[in-house]
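# any chance you could fold what I've pasted below:
(chains A and B)
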Amino acid sequence: MKLRPRHVALTVALALGASMLAACGSTASTTSSNPADQSLVLLQNYDVTSMDPAIAYDQASNQVVGLAYETLLTLKGSSTELAPGLATSWSSSQGGKVWTFTLRKGVRFADGSAFNSQAVKFAFERTIKLNQGPAWMLDVIQSIATPSPTKLVITLKYAYQPFIYSLAQPAGTAIVSPAGVKKHGNAWFHNHTDGTGPYQESQWVHGQQVVMTRNPHYWQGWSSSHFQKVILKIATEPSTQQMLLQTGAADMNIAFPLSNISQLQGQKGIKVLTEPGLNILYIGLNNKTGPTANQLVRQALSYTLDYQGAVKQIYDGYAQQAKGPIPPALWGYDKTLPQYHLDIAKAKSLLAQAGYPHGFPMTITVEENPLYEQVVESWQSTLKQVGINATINTMPWATEYKKLTTLSTAPSAFITGWYADFADPDDFLYPQYASSQQGTVGFNLEWYGNKTVDQLLNEARVTADHQKRVQLYQQVQKLLVQQAPAIWVLDQQTAVVERSNVHGYVYNALWPVNAYAMSKN
Amino acid sequence: MLSFIVRRLGQLVLVLFGMLLLTFYVSHMVPGDPARLAAGLHATQSQLNEVRRQFGLNLPLSVQFVRYAENLLHGNLGLSILTRNPVSQDLGAYFPATLEITLTALVIVLIVGIPLGVVSAVRRDGLPDHFSRVFALLGVSMPPFWLAVLLQEIFAQKLGWLPVAGMLSSYLAPPAHITGIYVLDSLLTGNWPDFTSSLASLVLPSLTLAFGSLAIMTRMVRAKLLDVLHQDFVRTARAKGVPERRVIYIHALKNALPPAVTVIGLQVGSLLQGAVLVEAIFAWPGVGTYALQASEGLDFPAILGFTLLISVVYVLINTIVDILYAFLDPRVSYS
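Have a look, this model is predicted:
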């Protein structure tokens, strides 16, 4: 029979339709079969950029690094308290200039080679040599000695107490296999892993997912309750993530977008945990030029924000008003600090004292982030009540950052957030408020400078006594709150969403998911 | 014909050069420091210098452009600042996914849009015509984002017939790489679990993507066919006693198709543009996802690579459309 064109078209259409119908429902069979019970599907908001611990410096990439590699120290449970990792004990001498570690025995890399002090020396020196994103954390190291396979001595260029906390997070400090680097070269580690951690990369389908499978040499061993695979599935849209979790196509997300969290509360089969984050949302004020260079003006502005409105209406209650520059979940936080609140009369009186009884025009920059934009829009309306006409300029972060780091283009105010790199108040206070960190050097985008604050921050860096350090940081916070270089808006919570059949997850603001400790039924 | 194709390819080179120059300067004029974005907020000056040196960002803009153009002539699109892979390798990994939904959407537009346009023209003001009018109105007015979420809610969440997002079930390994298009590769290798899963995954994103263009195609075929059906040659054919079906499908439709083909050429552009959004909603790992990530990170080589790729595809499709014209309309000649 000769096929006429319309027969061909009809046949193709029927075949396509039939195949699509046949395909319908096929997902149900694939998701409910055994692999789903033996795997943990973790949702990631972004794709991984690199799997190399010397390069990876974002949340998605750190998740891979956190599963495949281990660090000398870790954090205890949900706290910011140090706990043993690949090092079983540690001590410091010379005020924090020399650090000595005793390493764990019987640990092997995924390639079967042994973990020892030489491997730590190799990994740290590799991070420093590659000189990429997280390398700054190890920049302080002067030399590394390995007196024995289980003894490691690190000498710093100067006494620096926060160093020990920087070793209790994966970026830059996770230990790669020297044998692996020798065999495959550095570039290989960008797309593959070879560490002592429980799960290693087995397949990375860019933009789609990373599949990680068990490391047969893992030193803590395996039982049947452990997952065979951990799948990191990438989905950027919150509504899509929500449906993936509701349909069981994904098991959890430890950083679920807050904008959609209320829609998941109370849903069958879903657990929503909201945990305090190690972050701060703040409005930075220009401390060097314009009316905001005046302390009275900055204090007045601190009384013009509707903090409770931002917490309740914009963040749906998944935040709390900040009290100073560091969040309550971090040690060194001072709960006795005075807190600014919305008080228009007080703001007007302070502005009058500063010589601006009728206000002044000002510019606020904001990156493209709907929540940040809503906070500054709310602020714009309360600023009007004190006679300040504020113009909001929304722009991509890269553009805003360029403006902020150049004094001549820096606006009167900007809104941004800071997330902890490691669990030490130094990481919040030094980069943001030390005068040496102005411009592109650090993150002192307020162009703030105060000799006493500088002195206290430097002293805290070299003080070995923990209690003394707490006191120093509390003094810094008191000074900062009084001088108001920024308006500390709120401490945002982190939303962890998991299916109710997932067990064993322990939240830690600085640590990715420890899938080894988890199970599913 | 051959000289026409050669001429068009020559034009393609000129278009690409212009596009490249424009994109290069516009993307580099955007304020922002890609080295800082890549190295992180804490990066020391030496780290920044290292990243700048690695990606040639320390050189004057004109030197960067000449170097880029030279590399391009050797087929080298440079290294992505974000992923640190060769851009050509990244595009090779992401583009098949975009091609997969775009081509499927195009097939849907053709096999549904043309017959629907014919039916609504033939049964003018009848039930099918009213249906296609409402359908077209919805198609052009409904935002793809809303349609996508609606389809996900009905077919994935409520009925559970199709997956919410992704290109393949998380628990399956991708098929052996032949073209990078999962449905095709799994079919060619006889990998049936992958075939059914990838086909099921393809349904919602390609329908979402096709919807707007489908409406335009339906209305275009209807309008042109109505026009043609009133012409003398159709009346003559009917007077000769040619069966009505033949009058419509052979005599009239052939004359109504050339404008529809033009629409296809233009719609490929809008399908590729729409793919960026659809990919994000359906967690579809295509070049749209890659381009979004690149533009947020000021990843110049990746942005340029993406622009070049899309320009080549667009110009090639429109060249093919022009060639098709010669076959569909004997009055058109490229000699």
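# secondary structure element for the residue nearest to residue A:92 when sequence neighbours are not counted?
Once flanking residues are discounted, residue A:92 sits nearest to residue A:99: 5.1 Å by C-beta to C-beta, 6 or more residues apart in numbering or on different chains. Bear in mind the C-beta positions are built from the backbone N, C-alpha and C, glycine included. Per DSSP states H and E: residue A:99 is located in strand A:98-103.
# which residues touch that strand?
A:72, A:86-93, A:115-117, A:120, A:149-156, A:163-164 (C-beta atoms under 8 Å, 6 or more residues apart in numbering or on different chains).
# filter these to the buried ones?
Burial by neighbour count, 16 or more other C-beta atoms under 10 Å in any protein chain shown: within the contacts of strand A:98-103 this picks out A:72, A:86-87, A:90, A:92, A:115-117, A:120, A:150, A:152-154, A:156, A:163-164.
# and of those residues, the nearest to residue A:41?
Taking C-beta to C-beta as the measure, residue A:41 sits nearest to residue A:86 out of the buried ones among the contacts of strand A:98-103, at 28.1 Å.
# how about the contacts made by that closest one?
A:70-72, A:103-104, A:107, A:115, A:120, A:175, A:196.
# can you check residue B:38 too?
Contacts of residue B:38 (C-beta under 8 Å, 6+ apart): A:133, B:51, B:81-82, B:297.
# mean confidence score for the one helix or strand it maps to?
Using DSSP H and E, residue B:38 falls within helix B:34-39. Across helix B:34-39, the average pLDDT comes to 72.
# okay, the helix or strand just after it in PDB with CA atoms only?
Downstream of helix B:34-39, the first helix or strand assigned by DSSP H and E is helix B:45-55. Output of helix B:45-55 as PDB, limited to C-alpha atoms (Å, rounded to 0.1, in the frame of the first residue of the first chain):
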ATOM      1  CA  GLN B  45      43.600  41.200  45.900                       C
ATOM      2  CA  SER B  46      45.900  38.400  44.900                       C
ATOM      3  CA  GLN B  47      43.000  36.000  44.500                       C
ATOM      4  CA  LEU B  48      41.100  38.500  42.300                       C
ATOM      5  CA  ASN B  49      44.200  39.100  40.200                       C
ATOM      6  CA  GLU B  50      44.600  35.300  39.700                       C
ATOM      7  CA  VAL B  51      40.900  35.000  38.500                       C
ATOM      8  CA  ARG B  52      41.300  38.000  36.200                       C
ATOM      9  CA  ARG B  53      44.500  36.600  34.800                       C
ATOM     10  CA  GLN B  54      43.000  33.200  34.300                       C
ATOM     11  CA  PHE B  55      40.000  34.600  32.300                       C
END
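# can the helix or strand that helix B:45-55 is followed by be found next to chain A?
Downstream of helix B:45-55, the first helix or strand assigned by DSSP H and E is helix B:61-73. No: applying C-beta under 8 Å from any C-beta of the partner chain, one finds helix B:61-73 separated from chain A by no less than 16.0 Å.
# run through who's touching helix B:61-73.
By C-beta under 8 Å, 6+ apart, helix B:61-73 touches B:20-21, B:24-25, B:28, B:56-57, B:59, B:77-78, B:301, B:304, B:308.
# who wins for most neighbours among the residues you listed?
Of all those, the highest neighbour tally under other C-beta atoms under 10 Å in any protein chain shown goes to residue B:301, namely 25 neighbours.
# how about the helix or strand that comes right after the strand holding residue A:99: buried residues?
Following strand A:98-103 in sequence order, the next helix or strand is helix A:117-130 (DSSP H and E). Within helix A:117-130, the residues scored as buried using 16+ other C-beta under 10 Å are A:117, A:119-124, A:126-128, A:130.
# okay then, goodbye and thanks.
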